[in-house]
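Q: no FASTA, just this:
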Ligand SMILES: [Cu+2]
């Protein structure tokens with residue numbers, strides 16, 4: 001009787017450790033979320049179904065930004081960038097992407113502190129450039 005109880009307990013402990021472990025492993029192997037953004041030829045960031053473009057991520061979330069850029073009236077002919085996707089406050093963490101005409105993918109990690117960040121374009125892309133902004137919201 002005592003032995004059976006011990007075996008049951010051991011089984012229960014193994015179960016409680018193994019199952020969440022497997023779930024975590026499965027979640028870790030899932031591909032990261034893809035966030036689609038357009039940096040358009042009218043010098044605006046756009047996200048489908050949003051009037052004002054905002055992306056929302058959880059703290060430390062790993063995702064892929066898939067940015068489609070379209071050349072505006074002006075662009076940076078030094079390296080051919082038509083816009084950038086830049087967060088000044090997060091530049092040192094890699095949030096500064098030079099965009100070429102076409103589709104590019106950038107893996108990103110959200111900051112570890114919740115908050116709001118302004119995304120801007122640093123290529124003088126023409127009329128409207130100064131207002132070419134969008135927002136990143138990081139939630140707990
Ligand atoms: Cu610009």
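A: Structure received. Bear in mind the structure is a predicted one, so any value in this text is a computation, not a measurement.
Q: Tell me the residues of this protein that contact the ion?
A: Neighbours of the ion within the chain, by Cβ under 5 Å from the ion: 121, 123, 125, 129, 132. C-beta: built from backbone N, CA, C; applies to glycine.
Q: Could you check how far the last one is from residue 99?
A: What that stands for is residue 132. Per Cβ to Cβ, to the nearest Å, residue 132 is found 11 Å from residue 99.
Q: Pull the contacting residues for residue 36.
A: 47-48, 66, 68 (Cβ atoms under 8 Å, 6 or more residues apart in numbering).
Q: Please narrow those residues to those residing in strands.
A: Cross-referencing the contacts of residue 36 against strands under DSSP state E gives 66, 68.
Q: CSV please, covering the contacts of residue 36 and showing pLDDT.
A: Formatted as CSV, the contacts of residue 36 follow (pLDDT from 0 to 100):
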residue, pLDDT
47, 98
48, 97
66, 98
68, 98
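Q: Could you single out the nearest of the contacts of residue 36 to the ion?
A: Set against the ion, the nearest of the contacts of residue 36 by Cβ to the ion is residue 68 (15.2 Å).
Q: Which residue is the nearest non-sequential neighbour of residue 85?
A: residue 97 (4.5 Å; Cβ to Cβ, 6 or more residues apart in numbering).
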